[in-house]
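Colleague: sequence first, predicted model second:
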Amino acid sequence: MPLFEAVRMAIGMLRAQKLKSFFSLIGVLIGVTFLIAVVSIVQGMNVYMEDEFANRLVGLNTFQLRRFPGINTGNVSDETWRDWMRRPRITYAEADYLEARVRTPAVFSRYCSERLPVSRNGKTAKDIEVMGADATYFGMKSYDIAAGRPFSPQEARVGSAVVVIGDLLAEKLFPGADPVGKDLMIGGLPYRVIGVVAKQGTLFTISMDKFVVTPFDAPVRRQICLWNTMDELHIQAANPAVMLTVMDEVESIMRVRRQLKPTQENNFALQTAEGALAGWRKISTILFAALPGLVAISLVVGGIVIMNIMLMAVSERTREIGIRKALGARRRDIMAQFVVEAATLSTIGAIFGIGLGIGLAYTVKALTPFPAAVAPWSVGVAVGLGVAVGMAAGIYPASRASKLDPIVALRSE
């Protein structure tokens with residue numbers, strides 16, 4: 001029997017028994033839906049974490065010299081934490097020492113931050129991240145300035161009382177007005193707003209627009225940094241390969257500066273975007289490892305249901321099988337009819353599951369901060385699974401149908 005003819009007959013039979021066909025494909029539909037939805041969400045999260053989260057958090061081709069890691073993906077023991085607390089802070093002298101001795105071209109920015117209230121004309125915005133940084137910081141973070149300008153290296157060098165603010169803070173303190181050229185208060189001192197960063201949105205429901213950036217040597221430094229020290233030294237290279245070279249240089253120079261012996265561990269940390277991604281990669285690996293088992297359970301259940309439905313179909317269509325055999329249908333024709341019917345049923349369930357899975361993934365994307373990105377390979381796998389499950393489930397019923405004696409089958413009522 002030609003394949004097209006077998007598929008046509010299978011679809012005709014499915015149309016004639018809609019309710020039975022629907023219950024047959026539920027198991028496959030659920031398994032494929034789960035496969036597509038989970039893979040789409042995890043793939044979307046991978047893209048989001050690599051392109052958005054890590055780069056916003058650390059910066060493109062940027063790493064940070066810190067007292068201890070700022071992003072920890074595992075449990076930190078009390079002993080490790082006490083060891084970190086005993087480490088010396090990063091000092092201005094060390095930052096200058098590094099900048100003078102790193103041979104590979106790189107850009108440096110000192111950095112401190114603290115959450116403080118910011119006010120203007122009786123309005124107060126609480127829990128605002130006030131950051132002190134050098135003028136190079138704006139390029140490292142790839143900030144798009146929507147109004148005004150960033151502060152200049154000269155303003156940073158003399159510690160001018162100027163600020164660049166986030167979009168959300170601008171809306172709260174300057175509703176309906178242009179903030180550029182106006183003053184706001186930080187720590188009881190006035191600061192002139194010279195720029196507003198374009199809206200960045202949220203990161204896992206956390207607003208990225210509630211911040212103030214001041215020159216590192218501005219007066220607010222007394223509230224956000226201990227004297228002569230900094231939270232982090234940000235260092236940016238031209239590309240990932242150059243960044244690794246710069247990291248090696250910084251590590252070597254810092255070990256010499258701090259007179260560490262070859263057997264001693266670093267008493268500082270170099271943090272990259274990879275550190276921020278490590279925890280998520282562990283989670284995604286676990287999800288992908290568990291996914292085949294969870295999908296297999298649904299597909300096995302779906303296959304068993306399809307097999308039972310096809311066995312019922314053989315019993316109900318015994319007379320039809322006898323007529324077909326009496327008219328010259330060979331055993332392989334009967335086998336093909338029932339195997340293709342089961343595979344068609346399962347594949348239709350897989351197709352509906354693909355649509356439902358994609359719809360579910362994009363519903364999650366629309367209603368939550370979690371993104372979704374459909375992986376083409378997952379669609380191919382889903383279709384392949386649909387065909388495979390149907391064929392596997394249809395072989396036994398098809399074999400029974402093909403072995404029927406035509407005379408006995410024709411006597412069936």
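Modeller: Here it is on my side, so go on. Since the structure is predicted, the reported quantities are computational estimates derived from the model, not experimental observations. Numbering: from 1, shown residues only.

Colleague: which SS state does the residue positioned nearest the centre of the chain fall under?
Modeller: Note on the chain: the residue nearest the mean C-alpha position is residue 45, at 1.5 Å, using C-alpha atoms, centre = their mean. Secondary structure assignment for residue 45 (DSSP: H, G, I helix; E, B strand; the rest coil): helix.

Colleague: what number of residues lie near residue 388?
Modeller: Neighbourhood size, residue 388 [other C-beta atoms under 10 Å]: 16. (C-beta placed from N, C-alpha, C; glycine too.)

Colleague: report the contact partners of residue 59.
Modeller: When contacts are counted by C-beta atoms under 8 Å, 6 or more residues apart in numbering, residue 59 is found next to 140, 141, 142, 234, 236, 273.

Colleague: with adjacent residues omitted, what lies nearest to the fourth one?
Modeller: Nearest-residue entry for residue 234: residue 109, 4.4 Å, with adjacent residues in sequence omitted and distances by C-beta to C-beta, 6 or more residues apart in numbering.

Colleague: tell me the mean pLDDT for the strand or helix carrying that neighbour?
Modeller: Taking DSSP states H and E as the criterion, residue 109 maps to strand 107-120. The predicted model gives strand 107-120 an average pLDDT of 95.

Colleague: and that strand, what's buried?
Modeller: Of the residues in strand 107-120, those buried by neighbour count under the rule 16 or more other C-beta atoms under 10 Å are 107, 108, 109, 110, 111, 112, 113, 116, 118, 120.

Colleague: could those go into TSV alongside distance to residue 192?
Modeller: Supplementary listing: the buried residues of strand 107-120 in TSV, determined by distance: C-beta to C-beta, whole Å:
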residue	distance to residue 192
107	26
108	26
109	21
110	21
111	21
112	20
113	20
116	17
118	13
120	12
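
Colleague: from these, which single one is nearest residue 313?
Modeller: Closest approach between those and residue 313, by C-beta to C-beta: residue 113, at 68.9 Å.

Colleague: tell me how far that closest one lies from residue 373.
Modeller: Counting by C-beta to C-beta, to the nearest Å, the gap between residue 113 and residue 373 amounts to 32 Å.

Colleague: please apply the same query to residue 336.
Modeller: Residue 336 sits 39 Å away from residue 373, going by C-beta to C-beta.

Colleague: who's more crowded, those two?
Modeller: In this view residue 336 and residue 373 are compared by other C-beta under 10 Å, and residue 336 has more residues nearby, 22 against 16.

Colleague: of the contacts of residue 59, select the buried ones using a PyMOL command.
Modeller: Only the buried members of these enter the following PyMOL selection, criterion being 16+ other C-beta under 10 Å:
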select buried, resi 140+141+234+236+273
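
Colleague: now, which of the contacts of residue 59 sits nearest residue 90?
Modeller: residue 234 (11.0 Å).

Colleague: for that closest one, grab phi and psi.
Modeller: Here is the backbone geometry of residue 234 (degrees, to the nearest 10): phi -90, psi 140.

Colleague: thought residue 108 was touching it, still the case?
Modeller: Yes: at 7.1 Å, residue 234 and residue 108 qualify as touching, with contact defined as C-beta atoms under 8 Å.

Colleague: returning to that earlier point: among the contacts of residue 59, name the ones in helices.
Modeller: When the contacts of residue 59 are checked against helices using DSSP state H, the ones located there are 140, 273.

Colleague: save the contacts of residue 59 as JSON lines, and put in pLDDT and distance to residue 349 too.
Modeller: Written out in JSON lines, the entries for these read as follows (pLDDT from 0 to 100; distance: C-beta to C-beta, whole Å):
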{"residue": "140", "pLDDT": "90", "distance to residue 349": "51"}
{"residue": "141", "pLDDT": "89", "distance to residue 349": "48"}
{"residue": "142", "pLDDT": "86", "distance to residue 349": "46"}
{"residue": "234", "pLDDT": "96", "distance to residue 349": "53"}
{"residue": "236", "pLDDT": "94", "distance to residue 349": "51"}
{"residue": "273", "pLDDT": "76", "distance to residue 349": "41"}
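
Colleague: what sits against residue 403?
Modeller: residue 331.

Colleague: any idea how far it lies from residue 340?
Modeller: When C-beta to C-beta is the yardstick, residue 403 and residue 340 sit 18 Å from each other.

Colleague: for the stretch 1-150 of the chain, give me the ranges with low pLDDT.
Modeller: By pLDDT under 70, the low-scoring segments of the stretch 1-150 of the chain are 1-7, 9-10, 12-14, 16-17, 20, 50-56, 71-74.

Colleague: which residue ranges form the helices in it?
Modeller: Counting by DSSP state H, counting those that start in this stretch, the stretch 1-150 of the chain forms helices over residues 3-16, 18-48, 54-57, 78-85, 92-101, 137-140, given from the N-terminal end onward.

Colleague: ok, which of those helices comes nearest residue 317?
Modeller: Short answer: helix 3-16, nearest of the helices of the stretch 1-150 of the chain by C-beta to C-beta, at 8.5 Å.

Colleague: what's the domain layout of the protein?
Modeller: Under the assignment named as automatic domain parsing, the residue ranges that make up the domains of the chain are 3-53+279-411, 59-92+238-271, 107-236.

Colleague: of all those, which one is nearest residue 99?
Modeller: Going by C-beta to C-beta, the one of those nearest residue 99 is domain 107-236, 5.0 Å.

Colleague: tell me how many other residues surround the residue lying closest to residue 166 once chain neighbours are set aside.
Modeller: Nearest in space to residue 166, with sequence neighbours left out and distances taken as C-beta to C-beta, 6+ apart, is residue 209 at 3.8 Å. Using other C-beta under 10 Å, the number of residues around residue 209 comes to 19.

Colleague: part of a helix, is residue 209?
Modeller: No: counting by three-state DSSP, residue 209 is not found in a helix; it is coil.

Colleague: tell me who's in contact with it.
Modeller: With C-beta under 8 Å, 6+ apart as the criterion, the residues that contact residue 209 are 166, 167, 168, 169, 197, 199, 200, 201.

Colleague: show me the two of the residues you listed that sit farthest apart.
Modeller: When C-beta to C-beta is used, the two most widely separated members of the contacts of residue 209 are 169 and 201, lying 14.5 Å apart.
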